[in-house]
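Student: Structural data only, the sequence is not supplied:
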């Protein structure tokens, strides 16, 4: 879709121009959601390693040290067939650069399906539609695994990344929540 290409280019330039570092308090609404949805058990949470001026979710690691929630962290690993899986990762474990220039775990452990998925994005709209980089990794993963497990998806963005209405196709998966510096919205 030509319209998506134009929005991607504009959104990436805008994010680069307006990027700012967030504080760990950014994640307060996420912690409340984790506590509410999954009591007394380990939360399996997938993150992404930030690049291209994405919201820095790595500050979440400092935040979770202060709270009492059991969390197993996963990072995405791309496969040769344009598929993606998630494997367990500990903060400061070694990473490698994949073919798309993104960092992913060096040691590929057994793939796990997250309970909660923090999803990077270039743009979002008021209907929780997301525009990513265009390869469809997250949409393909969710289409495959949402039938097997209820995965709560949370788009991570700056509030300035919101658009009135994004073009969507039948391949796009709507997010459950969007978390920005202004809070979380369903």
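Tutor: Everything's here; your move. Since we're looking at a predicted model, the values are computed, not measured.
Student: Which of the three states applies to residue 33?
Tutor: helix (DSSP: H, G, I helix; E, B strand; the rest coil).
Student: quick one, what contacts the closest residue to it other than its chain neighbours?
Tutor: Spatially, and ignoring its direct neighbours in sequence, residue 33 is nearest to residue 184 (6.7 Å; Cβ to Cβ, 6 or more residues apart in numbering). Just so you know, the C-beta spots here come from the backbone N, C-alpha and C atoms, and that holds for glycine as well. Taking Cβ atoms under 8 Å, 6 or more residues apart in numbering as the criterion, residue 184 is in contact with 29, 30, 33, 154, 177, 178.
Student: what does residue 11 give?
Tutor: Here residue 11 is in contact with 122, 123, 131, 161, 163 (Cβ under 8 Å, 6+ apart).
Student: On the three-state scheme, it is what?
Tutor: helix.
Student: what's next to stretch 15-24, contact-wise?
Tutor: Here stretch 15-24 has contacts from 52-56, 59-60, 62-63, 122, 158, 160-161, 181, using Cβ under 8 Å, 6+ apart.
Student: in stretch 78-85, what's buried?
Tutor: 78, 84, 85 (16 or more other Cβ atoms under 10 Å).
Student: Tell me which of the residues you listed fall in strands.
Tutor: Secondary structure from DSSP state E places 78, 84, 85 of the buried residues of stretch 78-85 in strands.
Student: would CSV of the residues you listed with pLDDT and distance to residue 92 be doable?
Tutor: Below are those laid out as CSV (pLDDT from 0 to 100; distance: Cβ to Cβ, whole Å):
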residue, pLDDT, distance to residue 92
78, 90, 21
84, 93, 22
85, 94, 21
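Student: and those residues as CSV, adding distance to residue 23?
Tutor: CSV is the format used below for these (distance: Cβ to Cβ, whole Å):
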residue, distance to residue 23
78, 30
84, 29
85, 31
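Student: which among the residues you listed gets closest to residue 3?
Tutor: Closest approach to residue 3 among these (Cβ to Cβ): residue 84, at 24.7 Å.
Student: Tell me what that closest one is bridged to.
Tutor: residue 78 (DSSP bridges).
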